[in-house]
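Asks: structure of the sequence below:
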Amino acid sequence: MKFIATSLLASLLFVPNLASAGSGDWEAPLLVDSTNSHAVYKPLPAGSASKPWHLCVGFPHMKDAYYVAKDYGIYLEAKRQGVSASVMSAGGYNNLTQQIQQIEDCVARGGNAVLVNAVSKAGLNGLIEELHGKGIPVLDMGNGLESPHVAAAAKALYYQAGSAAGGYLAAKHPKGSGKVKMVWLAGPAGSQWVEDSVVGMKEAIADSDVELLQVIYGDTGKEVQMRLIEDALQAYEGVNIIGGNAPAIEGAMEILRMRGDQDKSLIAFYTTPAIEQAVRDGKVMATVGDFNVIGSRISVDQAIRVLEGKLEVPLANRQFFVVDQNNVNTYDRDVLLAPDGFDPIFEIEVGS
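Replies: Next up, the predicted model:
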C-alpha cells in the first residue's frame, strides 16, 4: 500500500516537460478519452498562419489572476503566429448583453473568429447561430457552450482538478495510516465546475483514511469563505485538513495565522499567485494546476486551424498536475500563471 501511495503521489507531481510559455514551439498534455485520441496537443509551427487573421476574444471579466493568465496565453500565441486579437472583458458573469455586444462589435470590425469564455452556456446560442451562418467560427475556451455550431473547444474538466487534489491527499493518507479529518470549501453551489470538482475529490479519497466532515458551499469572495471556515472550525473538533477553492485557502491562511494554529494542512484545487507563493513558503501543502496559459494558446491554434481547414483536435481537454514543496521551484510556472507585473493586453497587433 505504501508503494502504491508513493507511486500515485509521484504521478500527480509529474509535470510533463512538454509545454513552454515562451515564444518558441510548445506542446501540451491532453486527457485521452472517448472524445479525443491525442495524448499531446501539437500546434502549428510558428509563423505558419496563411494571413494575419483577426481574433475576437471574449472573457467574463479580467478581475483575477486566472483570466489575466488566459490573456497572457492569447498574447503569446497571437504573437507567435503573426495574427491580431481584440480581447474583451464583459465585466462579470451577469453581463450577458455586454458580452454579446462586444463580440458583435468585434466581428463588425473585421474579426475572423470568436474565442469565448462564455458568461452563459446557452445565452450566446442565437449569436453563435448567426455567426455560423456568416462563416465566422466560434470556439469555446472552457466555460461551456451548448450550441451545436461550436467549431472547437479547449477545456479543463474540474472533475480532474478535484480528483488530483483528492488523489494527492489519498496518497498522503492511505487506508490504515491513521484517520485525518477534512472540511472542503467547494465554491458556489450549482456551478458545474464546483460540483464536478467535488465529485472528483470524493471519489479520489473514497478508499483512504481521509474523512470528509462536510462539503461547504458559498460565494468565492474571500470574506465569505473566511466566515464559512470559522463556522466549520467551530462546528467540528479536530479538523486536520482544509481543502477547496483558492480564495478559501487564502482566507484559511489568515485565520490560522491569527489563531496561531500550525497543525492544519491546506490544499487548493486551483492556483492563484498567492496560493503558489504560499506553497513556496510552506504555508500551503499543495495546489492544483491546469496549464491555464497553455489553454489559451491551444484556443488560438484551434482558431487558426479552423480558419485554414487544418483542425485535428476539435476537443482538447487539458491535464491537471499538483504543485507542492517537491516541485514548486522546478515546474514551468509560465504554463499556469502570467509573469509578475504582467498587465492585461486588450489589443494585440501583428508584430507587437
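Asks: only C-alpha atoms for contact and neighbour calcs from this point on.
Replies: Will do.
Asks: can you count the residues close to residue 193?
Replies: 19 (other C-alpha atoms under 10 Å).
Asks: again, but for residue 312
Replies: Residue 312: 16 surrounding residues under other C-alpha under 10 Å.
Asks: that's a helix at it, yeah?
Replies: No - read with DSSP: H, G, I helix; E, B strand; the rest coil, residue 312 is coil and lies in no helix.
Asks: how about it, nearest residue that isn't a chain neighbour?
Replies: The shortest distance from residue 312 to any non-neighbouring residue, by C-alpha to C-alpha, 6 or more residues apart in numbering, is to residue 305 (8.0 Å).
Asks: backbone dihedrals for the one you found, please?
Replies: Torsion angles at residue 305 (phi, psi; degrees, to the nearest 10) stand at phi -60, psi -40.
Asks: mind checking the SS state of residue 26?
Replies: Following three-state DSSP, we place residue 26 in the coil state.
Asks: give me the number of residues near it?
Replies: Neighbours of residue 26 under the rule other C-alpha under 10 Å: 21.
Asks: quick one: it and residue 45 touch, right?
Replies: No - with contact defined as C-alpha atoms under 8 Å, residue 26 does not reach residue 45; the gap is 9.2 Å.
Asks: export the helix or strand harbouring residue 128 as CSV, just CAs?
Replies: Element membership for residue 128, per DSSP states H and E: helix 125-133. Only the C-alpha atoms of helix 125-133 are listed here, as CSV (Å, rounded to 0.1, in the frame of the first residue of the first chain):
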residue,chain,number,x,y,z
ASN,A,125,-26.8,30.4,-28.8
GLY,A,126,-28.6,32.9,-31.0
LEU,A,127,-25.4,34.9,-31.7
ILE,A,128,-23.4,31.7,-32.4
GLU,A,129,-26.1,30.5,-34.9
GLU,A,130,-26.0,33.9,-36.6
LEU,A,131,-22.2,33.9,-36.8
HIS,A,132,-22.2,30.3,-38.1
GLY,A,133,-24.4,31.5,-40.9
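Asks: and after that helix, which helix or strand comes next?
Replies: Next in sequence after helix 125-133, counting helices and strands by DSSP H and E, comes strand 138-140.
Asks: direction included, what does the helix or strand that that next one is followed by pair against?
Replies: Heading C-terminal from strand 138-140, the first helix or strand you meet, by DSSP H and E, is strand 150-155. Strand 150-155 has its sheet partners listed here by DSSP bridges as strand 138-140 (parallel), strand 315-317 (parallel).
Asks: circling back to that earlier point, isn't the residue nearest to residue 312 right up against residue 311?
Replies: Yes - between residue 305 and residue 311 there is a contact at 4.7 Å, judged by C-alpha under 8 Å.
Asks: higher neighbour count, these two?
Replies: Neighbour comparison, residue 305 and residue 311: the larger count goes to residue 305, with 19 against 15 (by other C-alpha under 10 Å).
Asks: can you list the residue ranges for helices in the stretch 101-250 of the chain?
Replies: For the stretch 101-250 of the chain, the helices defined by DSSP state H, counting those that start in this stretch cover 125-133, 158-172, 192-205, 222-235, 246-259.
Asks: elements contacting the longest one?
Replies: What that stands for is helix 158-172. In terms of contacts (3 or more C-alpha pairs under 8 Å, 6 or more residues apart in numbering; DSSP states H and E), helix 158-172 is packed against helix 2-13, helix 192-205, strand 286-289, strand 321-324.
Asks: what's the answer for the third one, then?
Replies: Under the contact criterion of 3+ C-alpha pairs under 8 Å, 6+ apart, the helices and strands touching helix 192-205 comprise helix 158-172, strand 180-187.
Asks: of all these, which one is nearest residue 115?
Replies: With C-alpha to C-alpha as the criterion, residue 115 lies closest to helix 158-172 of the helices and strands packed on helix 192-205, at 20.2 Å.
Asks: show the average pLDDT along that closest one.
Replies: Helix 158-172 shows a mean pLDDT of 97.
Asks: what does stretch 66-81 give?
Replies: 95.
Asks: got a list of contacts for it?
Replies: Stretch 66-81 has contacts (C-alpha atoms under 8 Å, 6 or more residues apart in numbering) with 21-24, 46-49, 59, 61-62, 84-85, 87, 272, 292-297, 300-301, 336-338, 342-345, 348, 350-352.
Asks: switch the cut-off to 7 Å
Replies: With contacts defined as C-alpha atoms under 7 Å, 6 or more residues apart in numbering, stretch 66-81 is touched by 23, 46-49, 62, 84, 272, 292-294, 296-297, 300, 337-338, 344-345, 348, 350-352.
Asks: follow-up on the earlier one: just name the most buried of the helices of the stretch 101-250 of the chain.
Replies: helix 158-172 (a mean of 26; mean count of other C-alpha atoms under 10 Å).
Asks: that one to strand 180-187, inter-axis angle?
Replies: 160 degrees (axes from the mean of the first three to the mean of the last three C-alpha atoms, to 10 degrees).
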